[in-house]
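**Student:** Curious how this folds, go ahead:
(chains A and B)
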Amino acid sequence: DAKTTQPTSMDCAEGRAANLPCNHSTISGNEYVYWYRQIHSQGPQYIIHGLKNNETNEMASLIITEDRKSSTLILPHATLRDTAVYYCIVRVKVGGNQFYFGTGTSLTVIP
Amino acid sequence: GAVVSQHPSWVICKSGTSVKIECRSLDFQATTMFWYRQFPKQSLMLMATSNEGSKATYEQGVEKDKFLINHASLTLSTLTVTSAHPEDSSFYICSPQGGRAYEQYFGPGTRLTVT
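**Tutor:** Here you go, the predicted structure:
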């Protein structure tokens, strides 16, 4: 079962930063936080993952609170193409473990 | 990221027939394969997990005799929906896992419509 909770939907103005929160209060010490997004009628796309340190890549930044009970995905300059459903997932990093998807956040970037 | 393909991308079939969906990992070896389905406006639901050369493990509520999974090689897995019914109409997505431990990729999905 999914171990995360996210807001159902969010809007963001084009060009602004989109901050997507995720609560994972029952996360275990060996579980990572992963973010994926799904554009309509496509497979999920990997965005970023982290354990306890903040992470940044070419797509986004991931901010994890010190107690690891929540995190925020930041899209620094949202574009219309970032409109998608964003899923926050916790999982042990070792291979063979399933991703269980929660309901995700539907992000709409507004022109 | 890795390249994952699914075939067909969409299929329409009549009730009672069987449909086979192929999933290929094109540039890495998938030791484990996950199959998901997604109904309209809902999240992805894990159906089953298979390891290459082994029988699949199905999630609770998923009929193993209806959704046949074959993972005979490290680059190919198939999902066969047997005796399909309209309620099986869904978006089916494969997710091979392999290579670096944190990497799990998803196929583009197959839209199944049963009439």
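
**Student:** which stretches of chain A have low pLDDT?
**Tutor:** Along chain A, the model assigns pLDDT under 70 to residues A:1-2, A:93-96.

**Student:** contacting residues for whichever residue of chain B sits closest to chain A?
**Tutor:** Per Cβ to the nearest Cβ, the residue of chain B with the smallest distance to chain A is residue B:106, at 3.7 Å. (Glycine included, C-beta is placed from N, CA and C.) Contacts of residue B:106 were listed using Cβ atoms under 8 Å, 6 or more residues apart in numbering or on different chains, and they are A:36, A:43-45, B:4, B:36, B:93-95.

**Student:** for residue A:15, same thing?
**Tutor:** A:77-79.

**Student:** What count of nearby residues applies to the residue of chain A found nearest chain B?
**Tutor:** Nearest residue of chain A to chain B: residue A:43, at 3.7 Å (Cβ to the nearest Cβ). Taking other Cβ atoms under 10 Å in any protein chain shown as the criterion, the count of residues near residue A:43 is 22.

**Student:** That one - nearest residue in space that isn't next to it in sequence?
**Tutor:** Leaving aside its chain neighbours, residue A:43 sits nearest to residue B:106 (3.7 Å; criterion: Cβ to Cβ, 6 or more residues apart in numbering or on different chains).

**Student:** need the strands for chain B, in chain order.
**Tutor:** Under the criterion DSSP state E, chain B contains strands at B:4-7, B:10-13, B:19-25, B:30-38, B:45-51, B:57-58, B:67-73, B:76-81, B:90-98, B:110-114.

**Student:** now chain A
**Tutor:** With DSSP E as the criterion, chain A has strands at A:9-13, A:18-23, A:31-38, A:45-50, A:55-56, A:61-64, A:70-75, A:84-92, A:105-110.

**Student:** Let's have these in JSON lines, adding distance to chain B and mean neighbour count.
**Tutor:** Shown next, in JSON lines, are the strands of chain A (distance: least, Cβ to the nearest Cβ, whole Å; neighbours: other Cβ atoms under 10 Å in any protein chain shown):
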{"stretch": "strand A:9-13", "distance to chain B": "12", "mean neighbour count": "14"}
{"stretch": "strand A:18-23", "distance to chain B": "14", "mean neighbour count": "20"}
{"stretch": "strand A:31-38", "distance to chain B": "7", "mean neighbour count": "22"}
{"stretch": "strand A:45-50", "distance to chain B": "6", "mean neighbour count": "18"}
{"stretch": "strand A:55-56", "distance to chain B": "12", "mean neighbour count": "15"}
{"stretch": "strand A:61-64", "distance to chain B": "13", "mean neighbour count": "19"}
{"stretch": "strand A:70-75", "distance to chain B": "16", "mean neighbour count": "20"}
{"stretch": "strand A:84-92", "distance to chain B": "7", "mean neighbour count": "22"}
{"stretch": "strand A:105-110", "distance to chain B": "10", "mean neighbour count": "17"}
